[in-house]
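Enquirer: whatever this is, show me its structure:
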Amino acid sequence: MRCLVGMCLSLAALPAWANVKLPAVIGSNMVLQQGQPLRIWGWADAGEAVTVTLGDSQVTATPGPNGRWQVELPAIAQPGGPHEMTVKGKNEIKLTNILVGEVWAGSGQSNMQWAVSQSKDAAKEIAEAKYPKIRLFLVQLLPSGTPADDVGLPPNTIYGRWVECSPETVPGSSAVLYFFGREIHKQLDVPVGLITTAWGGTRIQPWIPPEGYAAIPELAEEQRQYRAALQGYVDSMKNFGKAAEAWAAKAQEALAAGQLPSVVPATPAHPLNNNYQWTGLYNGMIHPIVPFSLRGFLWYQGESNNGQGMAYYQLKRGLIQGWRKVWGRTDAEMPFLFAQLAPFDYGGDPTRLPGIWEAQTATLKVPNTGMAVLTDITTLKDIHPPNKQDVGRRLALWALAKTYGKSDLVYSGPLYKSMAADGSKIQIAFDHSAGLKSRDGKPLSWWSIAGADKKFVPAKAEIAGDNVVVSAEGVGQPVHVRFGWHQLAEPNLANGAGLPASPFRTDEWTDAVNAEPAK
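Expert: Below you'll find the model as predicted:
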(Lines give C-alpha, C1' and ligand atoms only; values in the text may rest on other atoms or scores of the structure.)
Protein backbone atom coordinates (compact mmCIF):
# COMPACT_ATOMS: atom_id res chain seq x y z
CA MET A 1 0.00 0.00 0.00
CA ARG A 2 2.77 2.43 0.94
CA CYS A 3 4.66 1.54 -2.24
CA LEU A 4 1.54 2.19 -4.30
CA VAL A 5 1.13 5.62 -2.71
CA GLY A 6 4.78 6.33 -3.43
CA MET A 7 4.33 5.35 -7.08
CA CYS A 8 1.39 7.73 -7.39
CA LEU A 9 3.51 10.54 -5.99
CA SER A 10 6.48 9.84 -8.27
CA LEU A 11 5.57 12.48 -10.79
CA ALA A 12 9.02 14.04 -10.66
CA ALA A 13 12.49 12.60 -11.09
CA LEU A 14 14.40 11.33 -8.08
CA PRO A 15 16.29 14.17 -6.35
CA ALA A 16 19.91 14.92 -7.00
CA TRP A 17 21.39 15.78 -3.62
CA ALA A 18 24.73 17.16 -4.89
CA ASN A 19 26.13 17.73 -1.40
CA VAL A 20 26.03 15.37 1.55
CA LYS A 21 23.11 16.26 3.81
CA LEU A 22 22.30 15.15 7.37
CA PRO A 23 18.95 15.02 9.16
CA ALA A 24 18.46 17.75 11.74
CA VAL A 25 18.64 15.33 14.67
CA ILE A 26 22.28 14.62 13.78
CA GLY A 27 24.07 17.87 14.48
CA SER A 28 26.48 19.83 16.62
CA ASN A 29 25.71 19.87 20.38
CA MET A 30 23.90 16.52 20.20
CA VAL A 31 24.15 13.72 22.75
CA LEU A 32 24.95 10.25 21.47
CA GLN A 33 23.61 7.25 23.37
CA GLN A 34 26.34 5.50 25.35
CA GLY A 35 26.68 1.72 25.10
CA GLN A 36 24.75 1.36 21.82
CA PRO A 37 25.87 1.17 18.20
CA LEU A 38 25.47 4.66 16.76
CA ARG A 39 23.36 4.97 13.63
CA ILE A 40 24.27 7.90 11.42
CA TRP A 41 22.47 8.55 8.15
CA GLY A 42 21.79 11.15 5.53
CA TRP A 43 21.58 11.77 1.78
CA ALA A 44 24.00 12.20 -1.08
CA ASP A 45 24.18 11.50 -4.80
CA ALA A 46 23.63 7.85 -5.66
CA GLY A 47 26.93 6.00 -5.74
CA GLU A 48 28.84 8.73 -3.90
CA ALA A 49 31.10 7.39 -1.15
CA VAL A 50 30.29 8.97 2.23
CA THR A 51 32.70 8.56 5.14
CA VAL A 52 31.76 9.20 8.78
CA THR A 53 34.53 9.66 11.35
CA LEU A 54 34.10 9.85 15.13
CA GLY A 55 37.26 9.53 17.19
CA ASP A 56 39.07 6.39 16.09
CA SER A 57 36.03 5.00 14.28
CA GLN A 58 35.59 5.51 10.57
CA VAL A 59 32.90 3.92 8.38
CA THR A 60 32.07 4.45 4.71
CA ALA A 61 28.72 3.95 2.99
CA THR A 62 27.38 4.35 -0.54
CA PRO A 63 23.89 5.82 -1.08
CA GLY A 64 21.28 3.80 -2.93
CA PRO A 65 19.20 5.06 -5.86
CA ASN A 66 17.10 7.22 -3.54
CA GLY A 67 20.22 8.95 -2.24
CA ARG A 68 19.95 7.68 1.34
CA TRP A 69 22.94 6.24 3.14
CA GLN A 70 23.40 4.91 6.67
CA VAL A 71 26.34 3.72 8.74
CA GLU A 72 26.68 2.21 12.17
CA LEU A 73 29.55 3.32 14.38
CA PRO A 74 30.74 1.15 17.27
CA ALA A 75 29.23 1.80 20.68
CA ILE A 76 31.04 4.17 23.02
CA ALA A 77 31.12 2.70 26.51
CA GLN A 78 31.99 5.77 28.54
CA PRO A 79 29.99 8.99 28.81
CA GLY A 80 31.71 12.30 28.27
CA GLY A 81 33.04 14.57 25.56
CA PRO A 82 33.15 16.89 23.80
CA HIS A 83 33.73 14.97 20.56
CA GLU A 84 33.82 15.94 16.90
CA MET A 85 32.32 14.09 13.95
CA THR A 86 33.05 14.58 10.28
CA VAL A 87 30.87 13.43 7.40
CA LYS A 88 32.63 13.61 4.05
CA GLY A 89 31.44 13.07 0.50
CA LYS A 90 31.73 15.68 -2.23
CA ASN A 91 31.57 18.15 0.63
CA GLU A 92 32.54 17.85 4.29
CA ILE A 93 30.36 18.48 7.34
CA LYS A 94 31.99 18.93 10.73
CA LEU A 95 29.90 18.51 13.88
CA THR A 96 31.27 19.81 17.18
CA ASN A 97 30.56 19.87 20.91
CA ILE A 98 29.09 16.35 20.86
CA LEU A 99 28.61 14.52 24.15
CA VAL A 100 28.03 10.84 24.93
CA GLY A 101 25.48 9.95 27.60
CA GLU A 102 21.78 9.07 27.92
CA VAL A 103 19.18 10.04 25.30
CA TRP A 104 15.41 9.98 25.86
CA ALA A 105 12.52 11.10 23.67
CA GLY A 106 9.28 12.48 25.12
CA SER A 107 6.00 12.37 23.23
CA GLY A 108 2.25 12.65 23.69
CA GLN A 109 -0.20 15.52 23.85
CA SER A 110 -0.35 18.82 25.73
CA ASN A 111 0.82 17.67 29.15
CA MET A 112 4.03 16.43 27.54
CA GLN A 113 4.29 19.48 25.30
CA TRP A 114 3.65 21.78 28.32
CA ALA A 115 6.67 24.04 28.58
CA VAL A 116 8.93 24.84 31.51
CA SER A 117 7.77 28.46 31.18
CA GLN A 118 4.18 27.35 31.91
CA SER A 119 4.99 25.22 34.93
CA LYS A 120 5.12 25.74 38.66
CA ASP A 121 7.89 28.10 39.83
CA ALA A 122 8.72 28.84 36.21
CA ALA A 123 10.90 31.90 36.82
CA LYS A 124 13.01 30.08 39.40
CA GLU A 125 13.33 26.93 37.29
CA ILE A 126 14.36 28.87 34.21
CA ALA A 127 16.94 30.95 36.08
CA GLU A 128 18.50 27.81 37.54
CA ALA A 129 18.54 25.81 34.28
CA LYS A 130 22.29 26.06 33.79
CA TYR A 131 23.13 22.52 32.70
CA PRO A 132 25.48 22.60 29.69
CA LYS A 133 25.64 18.77 29.71
CA ILE A 134 21.89 18.53 29.18
CA ARG A 135 21.06 19.04 25.53
CA LEU A 136 17.60 19.82 24.15
CA PHE A 137 16.04 19.08 20.75
CA LEU A 138 12.52 20.26 19.89
CA VAL A 139 10.56 18.80 16.97
CA GLN A 140 8.24 21.17 15.13
CA LEU A 141 4.50 20.36 15.08
CA LEU A 142 4.20 19.00 11.56
CA PRO A 143 2.06 16.08 10.34
CA SER A 144 2.68 14.16 7.13
CA GLY A 145 0.66 11.76 5.02
CA THR A 146 3.79 9.79 4.15
CA PRO A 147 6.97 9.14 6.20
CA ALA A 148 8.99 12.38 6.26
CA ASP A 149 12.74 12.37 5.79
CA ASP A 150 13.35 15.21 8.22
CA VAL A 151 11.68 17.35 10.85
CA GLY A 152 10.39 20.81 10.06
CA LEU A 153 13.11 23.47 10.10
CA PRO A 154 11.42 26.86 10.40
CA PRO A 155 14.05 29.64 10.34
CA ASN A 156 14.97 31.65 13.42
CA THR A 157 13.31 29.24 15.86
CA ILE A 158 14.41 26.69 18.42
CA TYR A 159 12.97 23.82 16.36
CA GLY A 160 15.17 21.23 14.72
CA ARG A 161 18.52 21.90 16.37
CA TRP A 162 20.37 20.68 19.44
CA VAL A 163 21.06 23.35 22.07
CA GLU A 164 22.71 23.37 25.46
CA CYS A 165 20.29 23.68 28.35
CA SER A 166 20.36 27.24 29.67
CA PRO A 167 17.94 29.91 30.89
CA GLU A 168 17.72 31.07 27.28
CA THR A 169 16.90 27.66 25.75
CA VAL A 170 14.87 25.82 28.40
CA PRO A 171 11.64 27.91 28.56
CA GLY A 172 9.98 26.29 25.52
CA SER A 173 11.12 22.75 26.25
CA SER A 174 8.84 20.03 27.59
CA ALA A 175 8.68 20.48 31.35
CA VAL A 176 8.06 16.79 32.10
CA LEU A 177 10.96 15.74 29.89
CA TYR A 178 13.28 18.40 31.28
CA PHE A 179 12.58 17.60 34.93
CA PHE A 180 13.00 13.90 34.15
CA GLY A 181 16.29 14.51 32.37
CA ARG A 182 17.57 16.82 35.09
CA GLU A 183 17.00 14.08 37.67
CA ILE A 184 18.79 11.49 35.52
CA HIS A 185 21.67 13.92 34.96
CA LYS A 186 22.05 14.64 38.67
CA GLN A 187 21.72 11.06 39.85
CA LEU A 188 23.97 9.44 37.24
CA ASP A 189 26.34 12.37 36.55
CA VAL A 190 26.18 11.79 32.79
CA PRO A 191 25.27 14.01 29.84
CA VAL A 192 21.60 13.75 28.87
CA GLY A 193 19.94 14.40 25.52
CA LEU A 194 16.21 15.16 25.46
CA ILE A 195 14.09 15.07 22.28
CA THR A 196 10.63 16.62 22.62
CA THR A 197 8.16 15.51 19.97
CA ALA A 198 4.66 16.18 21.31
CA TRP A 199 1.47 17.91 20.14
CA GLY A 200 -1.42 19.06 22.34
CA GLY A 201 -4.92 17.75 21.79
CA THR A 202 -3.85 14.70 19.78
CA ARG A 203 -5.15 11.15 20.00
CA ILE A 204 -2.80 8.20 20.22
CA GLN A 205 -3.77 6.90 16.76
CA PRO A 206 -1.69 9.35 14.68
CA TRP A 207 1.44 8.51 16.70
CA ILE A 208 1.30 4.77 15.94
CA PRO A 209 3.34 3.55 12.93
CA PRO A 210 1.89 1.05 10.44
CA GLU A 211 4.05 -1.62 12.06
CA GLY A 212 2.23 -1.02 15.36
CA TYR A 213 -1.21 -1.53 13.89
CA ALA A 214 -0.01 -4.71 12.17
CA ALA A 215 1.51 -6.10 15.38
CA ILE A 216 -1.69 -6.12 17.46
CA PRO A 217 -4.59 -8.33 16.25
CA GLU A 218 -7.02 -6.34 18.40
CA LEU A 219 -6.30 -3.29 16.23
CA ALA A 220 -7.62 -4.96 13.08
CA GLU A 221 -10.49 -2.49 12.73
CA GLU A 222 -8.18 0.51 13.20
CA GLN A 223 -5.87 -0.99 10.58
CA ARG A 224 -8.79 -1.57 8.21
CA GLN A 225 -9.81 2.09 8.48
CA TYR A 226 -6.21 3.21 8.00
CA ARG A 227 -5.85 1.08 4.87
CA ALA A 228 -9.20 2.27 3.56
CA ALA A 229 -8.05 5.88 3.92
CA LEU A 230 -4.87 5.09 1.98
CA GLN A 231 -6.78 3.21 -0.71
CA GLY A 232 -9.14 6.13 -1.07
CA TYR A 233 -6.13 8.37 -1.62
CA VAL A 234 -4.67 5.99 -4.19
CA ASP A 235 -7.97 5.96 -6.06
CA SER A 236 -8.15 9.76 -5.92
CA MET A 237 -4.61 10.03 -7.27
CA LYS A 238 -5.45 7.69 -10.14
CA ASN A 239 -8.44 9.83 -11.03
CA PHE A 240 -6.31 12.94 -10.68
CA GLY A 241 -3.74 11.47 -13.06
CA LYS A 242 -6.40 10.86 -15.70
CA ALA A 243 -7.85 14.33 -15.19
CA ALA A 244 -4.37 15.89 -15.39
CA GLU A 245 -3.63 14.10 -18.65
CA ALA A 246 -6.93 15.24 -20.15
CA TRP A 247 -6.30 18.80 -18.95
CA ALA A 248 -2.79 18.81 -20.42
CA ALA A 249 -4.12 17.80 -23.83
CA LYS A 250 -6.81 20.50 -23.76
CA ALA A 251 -4.32 23.06 -22.44
CA GLN A 252 -2.06 22.41 -25.43
CA GLU A 253 -5.00 22.90 -27.78
CA ALA A 254 -5.99 26.13 -26.04
CA LEU A 255 -2.46 27.52 -26.16
CA ALA A 256 -2.14 26.60 -29.82
CA ALA A 257 -5.32 28.58 -30.46
CA GLY A 258 -3.95 31.55 -28.54
CA GLN A 259 -6.29 30.98 -25.61
CA LEU A 260 -5.64 30.56 -21.91
CA PRO A 261 -6.10 26.99 -20.62
CA SER A 262 -8.65 26.14 -17.94
CA VAL A 263 -7.71 25.87 -14.27
CA VAL A 264 -5.41 22.93 -13.43
CA PRO A 265 -7.23 20.11 -11.58
CA ALA A 266 -6.61 20.25 -7.83
CA THR A 267 -4.26 17.62 -6.42
CA PRO A 268 -6.12 15.46 -3.86
CA ALA A 269 -5.18 16.17 -0.24
CA HIS A 270 -3.61 13.24 1.58
CA PRO A 271 -6.18 12.08 4.19
CA LEU A 272 -3.48 11.27 6.74
CA ASN A 273 -1.66 14.59 6.47
CA ASN A 274 -3.09 15.93 9.73
CA ASN A 275 -2.65 15.60 13.47
CA TYR A 276 -5.74 13.45 14.04
CA GLN A 277 -5.69 10.49 11.67
CA TRP A 278 -3.72 7.26 11.68
CA THR A 279 0.10 7.58 11.34
CA GLY A 280 0.02 11.33 10.55
CA LEU A 281 2.21 12.33 13.51
CA TYR A 282 4.37 9.25 13.39
CA ASN A 283 5.15 10.15 9.77
CA GLY A 284 5.86 13.80 10.47
CA MET A 285 7.34 13.87 13.98
CA ILE A 286 8.71 10.41 14.84
CA HIS A 287 9.89 8.86 11.57
CA PRO A 288 12.37 11.72 10.92
CA ILE A 289 14.32 10.77 14.09
CA VAL A 290 14.33 7.02 13.38
CA PRO A 291 16.79 5.29 13.90
CA PHE A 292 18.69 7.80 16.07
CA SER A 293 20.11 5.77 18.94
CA LEU A 294 18.38 6.47 22.23
CA ARG A 295 17.70 4.81 25.56
CA GLY A 296 13.91 4.99 25.66
CA PHE A 297 10.67 6.96 25.58
CA LEU A 298 8.47 8.98 27.89
CA TRP A 299 4.76 9.24 27.07
CA TYR A 300 2.07 11.51 28.52
CA GLN A 301 -1.19 11.22 26.60
CA GLY A 302 -4.72 9.86 26.79
CA GLU A 303 -6.92 12.87 27.47
CA SER A 304 -8.06 12.91 23.84
CA ASN A 305 -8.86 9.18 24.00
CA ASN A 306 -10.95 9.52 27.14
CA GLY A 307 -13.92 7.17 26.90
CA GLN A 308 -12.20 4.41 24.92
CA GLY A 309 -11.59 2.27 27.99
CA MET A 310 -9.56 -0.88 27.45
CA ALA A 311 -9.40 -0.23 23.71
CA TYR A 312 -6.79 2.35 24.70
CA TYR A 313 -4.70 -0.48 26.16
CA GLN A 314 -4.55 -2.16 22.74
CA LEU A 315 -3.64 1.14 21.10
CA LYS A 316 -0.80 1.66 23.57
CA ARG A 317 0.43 -1.84 22.85
CA GLY A 318 0.48 -0.90 19.17
CA LEU A 319 2.38 2.30 19.90
CA ILE A 320 5.01 0.59 22.05
CA GLN A 321 5.53 -2.40 19.80
CA GLY A 322 5.47 -0.21 16.70
CA TRP A 323 8.13 2.18 17.96
CA ARG A 324 10.33 -0.65 19.16
CA LYS A 325 10.00 -2.36 15.80
CA VAL A 326 10.90 0.66 13.66
CA TRP A 327 13.91 1.30 15.90
CA GLY A 328 14.89 -2.35 15.61
CA ARG A 329 15.00 -2.75 19.38
CA THR A 330 13.73 -5.51 21.63
CA ASP A 331 11.43 -5.05 24.63
CA ALA A 332 14.40 -5.40 26.97
CA GLU A 333 16.42 -2.78 25.10
CA MET A 334 13.94 0.09 24.96
CA PRO A 335 12.01 1.19 28.09
CA PHE A 336 8.69 2.97 27.69
CA LEU A 337 7.68 5.08 30.70
CA PHE A 338 4.37 6.91 30.88
CA ALA A 339 2.30 9.17 33.10
CA GLN A 340 -1.13 8.05 34.24
CA LEU A 341 -3.59 10.88 33.66
CA ALA A 342 -4.38 13.20 36.55
CA PRO A 343 -7.97 13.55 37.80
CA PHE A 344 -9.93 16.22 35.94
CA ASP A 345 -13.54 17.31 35.58
CA TYR A 346 -14.29 16.20 32.03
CA GLY A 347 -18.03 16.30 32.69
CA GLY A 348 -20.33 13.53 31.50
CA ASP A 349 -19.88 9.98 32.75
CA PRO A 350 -17.44 10.21 35.69
CA THR A 351 -16.20 6.63 35.09
CA ARG A 352 -14.80 7.30 31.60
CA LEU A 353 -11.51 8.58 33.00
CA PRO A 354 -11.14 5.57 35.34
CA GLY A 355 -11.54 3.46 32.21
CA ILE A 356 -8.41 5.11 30.80
CA TRP A 357 -6.63 4.64 34.14
CA GLU A 358 -7.48 0.95 33.95
CA ALA A 359 -6.07 0.73 30.43
CA GLN A 360 -2.92 2.58 31.46
CA THR A 361 -2.39 0.29 34.44
CA ALA A 362 -2.89 -2.75 32.19
CA THR A 363 -0.07 -1.44 30.00
CA LEU A 364 2.35 -2.41 32.77
CA LYS A 365 1.89 -5.97 31.50
CA VAL A 366 3.91 -4.95 28.44
CA PRO A 367 7.58 -5.72 29.19
CA ASN A 368 9.89 -2.90 30.23
CA THR A 369 7.22 -0.28 30.91
CA GLY A 370 6.67 1.99 33.91
CA MET A 371 3.89 4.29 35.11
CA ALA A 372 3.88 7.41 37.25
CA VAL A 373 0.61 7.77 39.20
CA LEU A 374 -0.60 11.39 39.46
CA THR A 375 -3.79 11.26 41.53
CA ASP A 376 -2.26 13.75 43.98
CA ILE A 377 -0.96 16.15 41.29
CA THR A 378 -4.22 17.72 40.25
CA THR A 379 -6.10 20.82 39.25
CA LEU A 380 -9.61 19.49 38.77
CA LYS A 381 -10.70 22.45 36.64
CA ASP A 382 -7.48 22.65 34.63
CA ILE A 383 -6.39 19.69 32.51
CA HIS A 384 -2.77 20.90 32.78
CA PRO A 385 -1.57 20.64 36.40
CA PRO A 386 1.41 23.02 36.66
CA ASN A 387 3.41 20.70 38.92
CA LYS A 388 5.45 18.98 36.25
CA GLN A 389 8.45 18.62 38.56
CA ASP A 390 6.97 15.65 40.42
CA VAL A 391 5.76 14.07 37.19
CA GLY A 392 9.31 14.12 35.83
CA ARG A 393 10.74 12.92 39.13
CA ARG A 394 8.36 9.96 39.36
CA LEU A 395 9.14 8.88 35.82
CA ALA A 396 12.84 9.21 36.67
CA LEU A 397 12.35 6.89 39.66
CA TRP A 398 11.21 4.14 37.28
CA ALA A 399 14.19 4.76 35.00
CA LEU A 400 16.71 4.89 37.83
CA ALA A 401 15.39 1.71 39.43
CA LYS A 402 14.54 -0.43 36.40
CA THR A 403 16.79 0.88 33.61
CA TYR A 404 19.82 2.01 35.59
CA GLY A 405 19.77 -0.62 38.33
CA LYS A 406 19.31 1.47 41.47
CA SER A 407 17.42 -1.32 43.22
CA ASP A 408 17.18 0.47 46.58
CA LEU A 409 14.69 3.04 45.22
CA VAL A 410 10.95 2.85 45.75
CA TYR A 411 9.75 3.67 42.25
CA SER A 412 6.00 3.02 42.28
CA GLY A 413 2.99 3.69 44.44
CA PRO A 414 0.71 0.80 45.51
CA LEU A 415 -0.73 -1.21 42.61
CA TYR A 416 -3.68 -3.55 43.10
CA LYS A 417 -2.67 -7.23 43.32
CA SER A 418 -5.56 -9.31 44.70
CA MET A 419 -8.70 -9.38 46.85
CA ALA A 420 -10.05 -11.82 49.42
CA ALA A 421 -13.66 -11.72 50.70
CA ASP A 422 -14.17 -12.55 54.39
CA GLY A 423 -17.77 -12.25 55.55
CA SER A 424 -18.76 -8.61 55.47
CA LYS A 425 -15.27 -7.40 54.56
CA ILE A 426 -12.92 -7.56 51.60
CA GLN A 427 -9.15 -7.46 52.02
CA ILE A 428 -7.12 -5.82 49.26
CA ALA A 429 -3.46 -6.68 48.67
CA PHE A 430 -1.02 -4.50 46.73
CA ASP A 431 2.37 -4.54 45.13
CA HIS A 432 4.70 -1.71 46.25
CA SER A 433 2.77 -1.47 49.52
CA ALA A 434 5.48 -1.19 52.19
CA GLY A 435 4.48 1.39 54.78
CA LEU A 436 0.91 2.00 53.62
CA LYS A 437 -0.46 5.26 55.00
CA SER A 438 -2.91 8.07 54.52
CA ARG A 439 -0.83 10.82 52.97
CA ASP A 440 -2.90 13.55 54.67
CA GLY A 441 -3.55 11.76 57.99
CA LYS A 442 -7.30 11.59 57.34
CA PRO A 443 -9.42 8.42 56.94
CA LEU A 444 -8.79 6.62 53.66
CA SER A 445 -10.87 8.17 50.89
CA TRP A 446 -12.60 7.20 47.65
CA TRP A 447 -13.35 3.55 48.50
CA SER A 448 -16.60 1.85 47.56
CA ILE A 449 -17.99 -1.67 47.84
CA ALA A 450 -20.86 -3.64 46.31
CA GLY A 451 -22.74 -6.88 46.78
CA ALA A 452 -24.27 -9.02 44.07
CA ASP A 453 -26.75 -6.26 43.31
CA LYS A 454 -23.91 -4.33 41.60
CA LYS A 455 -24.70 -1.14 43.49
CA PHE A 456 -21.52 0.44 44.84
CA VAL A 457 -21.73 2.52 48.00
CA PRO A 458 -19.08 4.56 49.86
CA ALA A 459 -17.07 2.28 52.11
CA LYS A 460 -14.84 2.39 55.16
CA ALA A 461 -11.24 1.38 54.48
CA GLU A 462 -8.59 0.63 57.10
CA ILE A 463 -4.92 -0.22 56.74
CA ALA A 464 -3.95 -3.66 58.02
CA GLY A 465 -0.19 -4.02 57.58
CA ASP A 466 0.46 -3.89 53.84
CA ASN A 467 -3.20 -4.51 53.01
CA VAL A 468 -6.44 -2.52 53.17
CA VAL A 469 -9.68 -3.92 54.62
CA VAL A 470 -12.89 -2.53 53.12
CA SER A 471 -16.46 -2.73 54.43
CA ALA A 472 -19.74 -0.79 54.49
CA GLU A 473 -22.86 -0.84 56.60
CA GLY A 474 -25.72 -2.52 54.77
CA VAL A 475 -23.46 -4.63 52.56
CA GLY A 476 -23.34 -7.93 54.41
CA GLN A 477 -21.84 -10.02 51.62
CA PRO A 478 -19.64 -7.79 49.47
CA VAL A 479 -18.22 -9.17 46.24
CA HIS A 480 -16.28 -6.28 44.68
CA VAL A 481 -14.38 -3.11 45.55
CA ARG A 482 -13.63 0.06 43.64
CA PHE A 483 -10.95 2.58 44.59
CA GLY A 484 -10.76 6.09 43.18
CA TRP A 485 -13.28 5.13 40.49
CA HIS A 486 -14.37 8.65 39.61
CA GLN A 487 -12.82 11.38 37.47
CA LEU A 488 -12.71 13.74 40.48
CA ALA A 489 -11.04 11.21 42.78
CA GLU A 490 -7.95 12.44 44.64
CA PRO A 491 -7.55 9.48 47.03
CA ASN A 492 -5.12 9.69 49.93
CA LEU A 493 -3.69 6.14 50.05
CA ALA A 494 0.09 6.08 49.60
CA ASN A 495 3.04 3.90 50.51
CA GLY A 496 5.83 4.74 52.90
CA ALA A 497 7.70 6.64 50.18
CA GLY A 498 4.70 8.91 49.72
CA LEU A 499 3.86 7.63 46.24
CA PRO A 500 0.09 7.45 45.64
CA ALA A 501 -1.90 4.31 44.88
CA SER A 502 -3.35 3.84 41.42
CA PRO A 503 -7.15 3.68 41.07
CA PHE A 504 -8.57 0.23 40.35
CA ARG A 505 -11.66 -1.94 40.43
CA THR A 506 -11.94 -5.64 41.15
CA ASP A 507 -15.05 -6.08 38.97
CA GLU A 508 -15.58 -6.12 35.22
CA TRP A 509 -19.22 -5.13 35.37
CA THR A 510 -20.55 -2.92 32.61
CA ASP A 511 -23.94 -2.33 34.22
CA ALA A 512 -22.94 -1.47 37.81
CA VAL A 513 -24.10 1.64 39.65
CA ASN A 514 -21.00 3.58 40.60
CA ALA A 515 -20.82 5.14 44.05
CA GLU A 516 -21.49 8.84 44.35
CA PRO A 517 -18.65 10.86 45.89
CA ALA A 518 -18.81 10.88 49.68
CA LYS A 519 -20.05 14.20 51.04
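Enquirer: between the two ends of stretch 436-443, how far is it?
Expert: End-to-end distance for stretch 436-443: 13 Å, by CA to CA, to the nearest Å.
Enquirer: same question for stretch 340-348.
Expert: Its start and end residues considered, stretch 340-348 measures 20 Å (CA to CA).
Enquirer: repeat that for stretch 147-158.
Expert: Length of stretch 147-158, first residue to last, CA to CA: 23 Å.
Enquirer: what comes into contact with it?
Expert: If you take CB atoms under 8 Å, 6 or more residues apart in numbering as the criterion, stretch 147-158 is touched by 2, 23-25, 43, 138-142, 159-160, 169, 172, 282-285, 287-289. To be clear about C-beta, it is placed using only N, CA and C from the backbone, and glycine gets the same treatment.
Enquirer: now do the longest strand along the chain, average pLDDT.
Expert: The single longest strand within the chain, with elements called by DSSP state E, is strand 92-108. Strand 92-108 carries an average pLDDT of 98.
Enquirer: and what of stretch 505-512?
Expert: This predicted structure assigns stretch 505-512 an average pLDDT of 97.
Enquirer: give the buried residues for that stretch.
Expert: Residues of stretch 505-512 classed as buried: 505-506, 512 (neighbour count, 16 or more other CB atoms under 10 Å).
Enquirer: which residues in the stretch 301-450 of the chain form strands?
Expert: Listed in chain order, the strands of the stretch 301-450 of the chain (DSSP state E, counting those that start in this stretch) span residues 336-339, 369-372, 415-422, 425-431, 437-438, 447-450.
Enquirer: any stretches of the chain with poor pLDDT?
Expert: Low-confidence segments of the chain, defined by pLDDT under 70: 1-17, 518-519.
Enquirer: and it, what are its domain boundaries?
Expert: When the chain is parsed into structural domains using automatic domain parsing, the resulting residue ranges are 31-214+276-403, 415-505.
Enquirer: and those as JSON lines, adding distance to Leu255?
Expert: Formatted as JSON lines, the domains of the chain follow (distance: least, CB to CB, whole Å):
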{"stretch": "domain 31-214+276-403", "distance to Leu255": "33"}
{"stretch": "domain 415-505", "distance to Leu255": "65"}
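Enquirer: now the terminal residues of stretch 269-281, how far apart.
Expert: Start to finish, the residues bounding stretch 269-281 are 16 Å apart (CA to CA).
Enquirer: just stretch 453-462 next, same as before
Expert: Stretch 453-462 stretches 24 Å from its first residue to its last (CA to CA).
Enquirer: now what about it, what contacts it?
Expert: Outside stretch 453-462, the residues that touch it by CB under 8 Å, 6+ apart are 443-444, 447-450, 468-472, 474-475, 480-482, 485, 493, 507, 509, 511-516, 518.
Enquirer: for stretch 78-95, same thing?
Expert: By CB under 8 Å, 6+ apart, stretch 78-95 touches 18-20, 22, 26-28, 30, 32, 34, 40, 42, 44-45, 48-55, 96-102, 190-191.
Enquirer: give me that answer again for 7 Å
Expert: If you take CB atoms under 7 Å, 6 or more residues apart in numbering as the criterion, stretch 78-95 is touched by 19-20, 22, 27-28, 34, 42, 44, 48-55, 96-101, 190-191.
Enquirer: put the buried members of those residues into a PyMOL selection.
Expert: In PyMOL, a selection of the buried entries from the contacts of stretch 78-95 looks like this (16+ other CB under 10 Å):
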select buried, resi 20+22+27+28+34+42+44+48+50+52+53+54+97+98+99+100+101+190+191
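Enquirer: among the contacts of stretch 78-95, which lie within helices?
Expert: Of the positions in those, not one sits in helices, assigned by DSSP state H.
Enquirer: ok, Phe292 to Ile286 distance?
Expert: 11 Å (CB to CB, to the nearest Å).
Enquirer: over to Tyr404?
Expert: As for Tyr404, its distance to Ile286 is 24 Å (criterion: CB to CB).
Enquirer: so between the two, which is more surrounded?
Expert: With neighbours defined as other CB atoms under 10 Å, Tyr404 and Ile286 compare such that Ile286 has more, 28 against 17.
Enquirer: so that one sits in a helix?
Expert: Yes. Residue state for Ile286 (DSSP: H, G, I helix; E, B strand; the rest coil) corresponds to a helix.
Enquirer: ok, now which ones touch it?
Expert: Contact partners of Ile286, counting by CB under 7 Å, 6+ apart, are 197, 207.
Enquirer: same deal with Ile320?
Expert: When the contact criterion is CB under 7 Å, 6+ apart, the partners of Ile320 are 336, 366, 369.
Enquirer: try 8 Å this time
Expert: Listed by CB under 8 Å, 6+ apart, the contact partners of Ile320 are 212, 336, 363, 366, 369.
Enquirer: if any of these are buried, put those into a ChimeraX selection.
Expert: The following ChimeraX command selects only the buried members of the contacts of Ile320, with burial defined by 16+ other CB under 10 Å:
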select :212,336,363,366,369
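Enquirer: what's the farthest-apart pair in the contacts of Ile320?
Expert: Gly212 and Thr369 (14.7 Å; CB to CB).
Enquirer: what does stretch 270-285 contact?
Expert: Under the contact criterion CB under 8 Å, 6+ apart, stretch 270-285 has outside partners 107, 139-148, 151-152, 197, 199, 201-203, 205-210, 213, 222, 225-226, 229-230, 232-233, 322.
Enquirer: and stretch 407-420, by the same measure?
Expert: For stretch 407-420, the external contacting residues (CB under 8 Å, 6+ apart) are 361, 364, 370-371, 373, 397-398, 400-402, 426-434, 436, 480-481, 483, 493-497, 499-502, 504, 506.
Enquirer: which of those fall in helices?
Expert: Of the positions in the contacts of stretch 407-420, 361, 397-398 sit in helices, assigned by DSSP H.
Enquirer: gap between the closest residue to Trp446 other than its chain neighbours and Gly309?
Expert: Across the structure, with CB to CB, 6 or more residues apart in numbering as the measure, the residue nearest Trp446 apart from its sequence neighbours is Pro491 (4.0 Å). Using CB to CB, we find Pro491 at a distance of 20 Å from Gly309.
Enquirer: who's more crowded, those two?
Expert: Between Pro491 and Gly309, counted using other CB under 10 Å, the more crowded position is Pro491 (23 against 16).
Enquirer: phi, psi of the more buried one?
Expert: Dihedral angles phi and psi of Pro491 (degrees, to the nearest 10) take the values phi -60, psi 160.
Enquirer: ok, now how distant is it from Leu374?
Expert: Computed with CB to CB, the distance linking Pro491 and Leu374 is 12 Å.
Enquirer: now swap in Val470 and tell me
Expert: Plainly put, Val470 is 23 Å away from Leu374 if you go by CB to CB.
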